[in-house]
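*Asks:* Based on what follows, work out the 3D shape:
(chains A and B, ligands or ions: 2)
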Number of protein chains: 2
Amino acid sequence: MATKLYEQVADEIIARIEGGYYTAGQKLPSIRVLAQEYGVSISTVQEAYRIIEERGYTEVRPKSGHFVKARNSAPVLPDVSPLPQRPVKVSAWSNILNMLNADEAENMLNLGWAIPDLKSPTLKPLTRDLNDINRRLGMRSLSYDYVRGNKALRRQIARLGVDSGLQLHPDDILVTSGCQEALSSSLRAITQPGDIVAVDSPFYFGAVQTIEASGLKAIEIPSHPETGTSLEALELAFAQWPIKVLVLTPTCNNPMGYSIPEAHRPKIIELCNQHDIILIEDDIYGDLSFQYPRPRSLKSYDTEGRVILCSSFSKTLAPGLRVGWVAPGRYLDEVLHMKYVSSISTPTVSQMAVAEYVSQGAYERHLRKMRENYQRGRDIMIELIQRYFPEGTRMTYPQGGFVIWVVMPKAINTTELNNRVKQFGISFAPGELFTTTKKYKNQMRLNYTNCPCLEVEEAIRTIGQISKEMLLEA
Amino acid sequence: MATKLYEQVADEIIARIEGGYYTAGQKLPSIRVLAQEYGVSISTVQEAYRIIEERGYTEVRPKSGHFVKARNSAPVLPDVSPLPQRPVKVSAWSNILNMLNADEAENMLNLGWAIPDLKSPTLKPLTRDLNDINRRLGMRSLSYDYVRGNKALRRQIARLGVDSGLQLHPDDILVTSGCQEALSSSLRAITQPGDIVAVDSPFYFGAVQTIEASGLKAIEIPSHPETGTSLEALELAFAQWPIKVLVLTPTCNNPMGYSIPEAHRPKIIELCNQHDIILIEDDIYGDLSFQYPRPRSLKSYDTEGRVILCSSFSKTLAPGLRVGWVAPGRYLDEVLHMKYVSSISTPTVSQMAVAEYVSQGAYERHLRKMRENYQRGRDIMIELIQRYFPEGTRMTYPQGGFVIWVVMPKAINTTELNNRVKQFGISFAPGELFTTTKKYKNQMRLNYTNCPCLEVEEAIRTIGQISKEMLLEA
Ligand SMILES: Cc1ncc(COP(=O)(O)O)c(C=O)c1O
Ligand SMILES: Cc1ncc(COP(=O)(O)O)c(C=O)c1O
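*Replies:* Ligands and ions are numbered 1, 2, ... in the order given. Below is the predicted model:
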């Protein structure tokens, strides 16, 4: 059964009340403001407010507005609550655990993990470099590397930054164990439990988990499938909430694939300056932009050192290396501290091999090839979805990278669908993973890394068929 | 100038008041209790209490005892304070930063980092394995490994556990990016900011930093240089404070080198059971015990799943691999979550190479050789210290591993000494790093990995000479 729009809005607001964003006695935003934030009509919000009141969450005070009621039954959750007291959050994690477990099963076709193409001959020099380093340096490559990261590698990362409009010195950069460590170390360095973080929505589930594990609160800013983060919603949220940090993946977004238009970019920085908000820019897919030259990073517009750029070679080269980096702007010392606490230093051989690979020019050669392949993969995947998925299915049109966001008909719960296709040896990433609230129940993320590929076509056909069966049951 | 014992005790108590452990209006422990905790006489504590009162920290209420005064000048620090608001803590970190920077300077002889011998021919097979894996598996070794860790490696770790009396299933184990990630993920999984963690003292500065970065409070339990953690002090602390976690390095302790006697081990577990305290056992040096067979781990006495064992191959093999592990007992899910948030997975090739190396029996061969070398190194280092350091210098007698704890005459500030020897291209780890309070100002940790070695002898001679000069100045 399709959920009505006003029911969705009501669910959203209830999630916020239950999550403690709106607390007992607090006045809810005006109907006009909410209508703007959600991009819906005034009457939709009116209807949503009526439902919420009916369910006992709010009361109307004449001439004043809608207020959150103190609740007798369930206790209002404390502001900073430990994981086990937040059922919503644990369930999001158990969803990921499911995906990890599926991953450990043999012979699974996992369309959920975002793994790049690892079979390209343009990666060969990397294996060769790894071997050379072990043979040449022997024992030196076995010691801790600098906590800040290998010097040669930081030089190469600084050089690559020029492509996205950056002018970085190697000492502005810290090497991390993947982009995930860059993100979690940065968030921990600049927040305290209870702080509010604004994020684009849907957003990468590793960041979702980081926010939850750090006891932070997320306020999700809706994204347009083509232009990304809504500037209006962002402005409203900044005005309304004491937001400390904004986390965005503006270029080749995961999961939606959009790149925020160049014209919007300086405006986002301006907004952050105005409201004194720290911006974490996740650029992990940036170099895989199909547009050439790639869009400038948000950080390249930053004159105040308030943008923390996080990235890695996990999507452009190989995730098993666990080599990422962060350019923390004015928060360098704090992020370095957290990186040290997290894992001291990053594996030495991996860093040396990547430095070598990049300095030979092999990285840029590899990128050119990958951009071509992935663009072809995208077009094929879109065709497959159009051919096999139920009528009414919509999808994004990725501007780079290798994942696509699919919106199924409302009646299809993708977590349930994922469970059903598992018996056919298939798994994907259900939409629920990409939010801290209860959204995206009929969405999914697929990767098209390996397209064209018969196995993938077969999998898409199977997912399509099972979803059609689910539609008939509904 | 040597500080008097009662002054030291007074400093300790003041540090606790300033750190917020004893808060305004609170009654301080009785003189008898404190005398036991510090292992000093009643009259010493009486004298210390007098000084504290004189300095305006406390007031005496007749027939009631000593109470902490509300202070007008400096505000009482908040319970959970962010890093920048705790000057003490930032300064501890800046000390480590200094050491890192020294490390980055060329031609430094760093006696401060605890780096194992990386030149031994018994490590050769590891380099060979790394190469083989890259060549043999190629692209497979470039993908993410399981978040829980490589299966073959977990099997080998489970097998090795038998030596310390453990019976682990591979699924009880999570692979981490070094022991540091095991420690920080574990602490984050089971605590919330403001929780109190008991630690042996002095203790490893990575753990110091983790506690500080996580907003936890540390209560330091004094260690005997030969038998380690004082059971009496532990019991007192458990009775007196709402302690959540105990962190110990019971075997080949860093920095002191002791191994807690077997007879004490079950008692520690009993105490934890009685007071419902989670125990984090750092066993990173355990396999380097000079005693054969090595002491049983504390975890081997645990029947309730409350011991979280953290370890790695950083000291026994090579730190540059960044391969560690954790056996989290009943906290497996929570620790897995934090490990995922910290860095997703551990580098694939490193894990495979270690699994191969261990399964070939090369690891046990290497350990035998290392235990021999380090025992010889210890004896030589002790001789060097006796020969070159000022009269009155004392040191521990390590039971394994490759670090030694040196107590210089009181008048020597080792942080200052460290700064002075830097110009001779030498650095070590000053005692201040190993505590959250203001202790160990005349202590230092040295590593004897490379003894015998002319360069090290030269360095010890230089440190000795400069300290004698400092004594003359005092
Ligand atoms: C947007 C985004 N950020 C960060 C990460 C984590 O990357 P890494 O494997 O380098 O830690 C991913 C991986 O899926 C991602 O998609
Ligand atoms: C007692 C102790 N625990 C943990 C660590 C961190 O080890 P790793 O390099 O495996 O993260 C060290 C390293 O010095 C240590 O001495």
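*Asks:* alpha carbons only for contacts and neighbour counts from here, please
*Replies:* Fine.
*Asks:* any idea what A:Leu45 is structurally, helix, strand or coil?
*Replies:* For residue A:45 the amino acid is Val, not Leu. A:Val45 carries the three-state label helix when classified by DSSP: H, G, I helix; E, B strand; the rest coil.
*Asks:* Please apply the same query to the one 5 residues further on.
*Replies:* The three-state label given to A:Arg50 by three-state DSSP is helix.
*Asks:* What pLDDT is listed against it?
*Replies:* Model confidence at A:Arg50, given as pLDDT, is 88.
*Asks:* Tell me how many other residues surround it.
*Replies:* Residues near A:Arg50, counting by other Cα atoms under 10 Å in any protein chain shown, number 17.
*Asks:* I'd like the distance between it and ligand 1.
*Replies:* The gap separating A:Arg50 from ligand 1 is 37 Å, by Cα to the nearest ligand atom, to the nearest Å.
*Asks:* which residues touch that residue?
*Replies:* By Cα atoms under 8 Å, 6 or more residues apart in numbering or on different chains, the contact list for A:Arg50 is empty.
*Asks:* Kindly report the same for the one 3 residues further on.
*Replies:* Residues near A:Glu53 by Cα under 8 Å, 6+ apart: A:59-60.
*Asks:* hey, what's A:Val307 bridged with?
*Replies:* Beta-bridge pairing for A:Val307 (DSSP bridges): A:Leu279.
*Asks:* Wait, it touches A:Glu281, no?
*Replies:* Yes - A:Val307 lies in contact with A:Glu281 (Cα atoms under 8 Å); the separation is 6.8 Å.
*Asks:* joint contacts of the two?
*Replies:* A:298-299.
*Asks:* the more surrounded of these two?
*Replies:* Neighbours were counted for A:Val307 and for A:Glu281 using other Cα under 10 Å; A:Val307 has more, 27 against 23.
*Asks:* what sits against the more buried one?
*Replies:* A:278-281, A:298-299, A:328-329 are the contacts of A:Val307 under Cα under 8 Å, 6+ apart.
*Asks:* Repeat the analysis, applying 7 Å as the threshold.
*Replies:* Residues in contact with A:Val307 (Cα atoms under 7 Å, 6 or more residues apart in numbering or on different chains) are A:278-281, A:299, A:328-329.
*Asks:* ok, the residues you listed vs ligand 2, which is closest?
*Replies:* Among the contacts of A:Val307, A:Pro328 lies closest to ligand 2 (Cα to the nearest ligand atom), at 22.9 Å.
*Asks:* Report how many residues lie close to that closest one.
*Replies:* Other residues near A:Pro328 come to 24 when the count uses other Cα under 10 Å.
*Asks:* and it, what does it touch?
*Replies:* For A:Pro328, the contact set (Cα under 7 Å, 6+ apart) comprises A:307-309, A:335.
*Asks:* same thing but 10 Å
*Replies:* Contact analysis of A:Pro328 by Cα atoms under 10 Å, 6 or more residues apart in numbering or on different chains lists A:172-174, A:182, A:186, A:279-280, A:305-310, A:334-336.
*Asks:* Where do the domain boundaries of chain A fall?
*Replies:* For chain A, automatic domain parsing gives the domain ranges A:5-68, A:92-118+A:366-473, A:123-363.
*Asks:* Please state the offset of the longest one from the chain centre?
*Replies:* Translated: domain A:123-363. In terms of Cα atoms, centre = their mean, to the nearest Å, the centre of domain A:123-363 is found 12 Å from the chain centre.
*Asks:* Check the burial of whichever residue of the stretch 1-150 of chain A sits closest to ligand 1 by counting its neighbours.
*Replies:* Per Cα to the nearest ligand atom, A:Ala114 is where the stretch 1-150 of chain A lies closest to ligand 1, at 5.4 Å. A:Ala114 has 22 neighbours, counted by other Cα under 10 Å.
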